[in-house]
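Student: this is the structure alone, sequence omitted:
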């Protein structure tokens, strides 16, 4: 990927931080990465290729696949992506795989219909057939098929409560896998005896294929008791029949080395883009601009605002020459933080925002207007939570400008209302859907 710099970090730190974000996103686009992982098509006289998939990048992954797949090799199938996340079709690339859209982060009937249709497409698969499964973040909500004893309404409520609870992505997806008829390796089970190749874009800490989109084609090592423990930890109720199914292990997922996963030659998976790769691309860009670049981690988790305060402490120390970071520098990190939504009095307007905005409020609180420090935090899919922005910017004058407008940071934090706070300041980062998803991106510029 190119590392040329079009914005001077000293003269225009906002534009420079936005360029770092754009470089990180570009590194994770499927059209740059997918083709090298494609296998040789099956002999058409013996087998066919079926494409299945789900996630915020599913539409872009299909387009990249269709552009690279030989025109004389049969190809068909179905993927589901988020509403508004299907990119324009590349010129001259014929459509061969259906792309449908559904709701995220709370599932809807369109996602349910897509999952049912997907399972239907697996009927009659044979040994010489190939299933290409295109998976990216967001697939857990988009590919929804309630397990025994559950309705779509149950899944919607449980999903909403998990999202508001502060549970981590591994915890949430453990529950989702055990309450699903298609996730947690069950889609691979339905594809048997065909060969299955999963191509995934990671949006989870540690790049665990079993966690990305709740691993529909990957064996699951978590258990029913693990899922039950998460539900109990966060006080989330399930129907009694479902609780009984978890307690008895009747709702257990397919396990590594067993059943369809016993033959290690039939199921393979590749990560075609990861958060670390995107952070390293941004670091290269920063170094090309003459800055030091430090990648903290691509696996940072925890409460978003608290993670923001930690980043603020690191940046303040660097600015004062009290740590090992040499300035001017950029401090980069990724991962998936969480937001515990705080209860509000009756009649109070619900706060708006997501993880990136919440991080930025915590960062601004920790920086307290220190000169020479700028930051951008954004979700690489272009949507922070359910709003229209990818994230937000923090500048040395953020708190001062807010006070001049009569905005109390503490009040907006109490309401989890980052979108409104940064919208009033004109500091939202708005990109629209990016057609990929390698999770949170954070860049703190210390001049």
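Tutor: Now that the structure is in, tell me what you want to look at. The structure presented is a predicted model; accordingly, all values stated were derived computationally and were not measured.
Student: just for this structure, where's the confidence low?
Tutor: Within the chain, the segments meeting pLDDT under 70 span 1-4, 347.
Student: how does it divide into domains?
Tutor: As assigned by automatic domain parsing, the chain contains the domains 13-27+275-446, 30-273.
Student: could I get those domains as a markdown table with distance to residue 6?
Tutor: For the C-beta atoms, the positions are set from N, CA and C on the backbone; glycine is no exception. Listed next are the domains of the chain as a markdown table, based on distance: least, Cβ to Cβ, whole Å:
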| stretch | distance to residue 6 |
| --- | --- |
| domain 13-27+275-446 | 6 |
| domain 30-273 | 19 |
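Student: wait, which of these is closest to residue 7?
Tutor: domain 13-27+275-446 (4.0 Å; Cβ to Cβ).
Student: let's see the distance spanning the closest one from one end to the other.
Tutor: 10 Å (Cα to Cα, to the nearest Å).
Student: for stretch 427-435, same thing?
Tutor: 23 Å.
Student: cool, and stretch 40-47?
Tutor: Separation of the first and last residues of stretch 40-47 by Cα to Cα is 12 Å.
Student: equivalent analysis for stretch 27-39, please.
Tutor: Span of stretch 27-39 from end to end, Cα to Cα: 22 Å.
Student: secondary structure of residue 132: a strand, I assume?
Tutor: Yes: when classified by DSSP: H, G, I helix; E, B strand; the rest coil, residue 132 is found to be part of a strand.
Student: got the domains of the chain as JSON lines, with distance to residue 5 and mean neighbour count columns?
Tutor: Listed next are the domains of the chain as JSON lines, based on distance: least, Cβ to Cβ, whole Å; neighbours: other Cβ atoms under 10 Å:
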{"stretch": "domain 13-27+275-446", "distance to residue 5": "4", "mean neighbour count": "21"}
{"stretch": "domain 30-273", "distance to residue 5": "19", "mean neighbour count": "20"}
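Student: would you say residue 346 is within a strand?
Tutor: No: the assignment for residue 346 (three-state DSSP) gives coil, which keeps it out of a strand.
Student: contact partners of stretch 246-262?
Tutor: 147-148, 177-179, 184-186, 188-189, 192, 219-225, 227-228, 231, 238, 242, 244-245, 266-267 (Cβ atoms under 8 Å, 6 or more residues apart in numbering).
Student: who does residue 373 bridge with?
Tutor: For residue 373, the beta-bridge partners are residue 446 (DSSP bridges).
Student: if I pick residue 94, what's in contact with it?
Tutor: Taking Cβ under 8 Å, 6+ apart, one finds 66, 71 in contact with residue 94.
Student: please, which helix or strand holds it?
Tutor: Using DSSP states H and E, residue 94 maps to neither a helix nor a strand.
Student: hmm, back to that, among the contacts of stretch 246-262, name the ones in helices.
Tutor: Judged by DSSP state H, the contacts of stretch 246-262 include 177-178, 186, 188-189, 224-225, 227-228, 231, 242, 244-245 as members of helices.
Student: of those, closest to residue 103?
Tutor: residue 177 (19.4 Å).
Student: correct me, but the closest one touches residue 215?
Tutor: Yes: counting by Cβ atoms under 8 Å, residue 177 does reach residue 215; the two are 6.8 Å apart.
Student: what touches both of the two?
Tutor: 183-185.
Student: show me where the stretch 1-150 of the chain has strands.
Tutor: 49-54, 76-82, 98-102, 130-135 (DSSP state E, counting those that start in this stretch).
Student: what's the spacing between residue 162 and residue 42?
Tutor: Applying Cβ to Cβ, to the nearest Å, the value for residue 162 to residue 42 is 39 Å.
Student: over to residue 407?
Tutor: Separation of residue 407 from residue 42 (Cβ to Cβ) stands at 60 Å.
Student: just residue 87 next, same as before
Tutor: Distance of residue 87 to residue 42, computed by Cβ to Cβ: 28 Å.
Student: now residue 289: closest residue in space, sequence neighbours ignored.
Tutor: residue 5 (4.3 Å; Cβ to Cβ, 6 or more residues apart in numbering).
Student: my read: the one you found touches residue 284, true?
Tutor: No: using Cβ under 8 Å, residue 5 makes no contact with residue 284, being 10.2 Å away.
Student: out of the shared contacts of residue 177 and residue 215, which is nearest to residue 377?
Tutor: residue 183 (29.0 Å).
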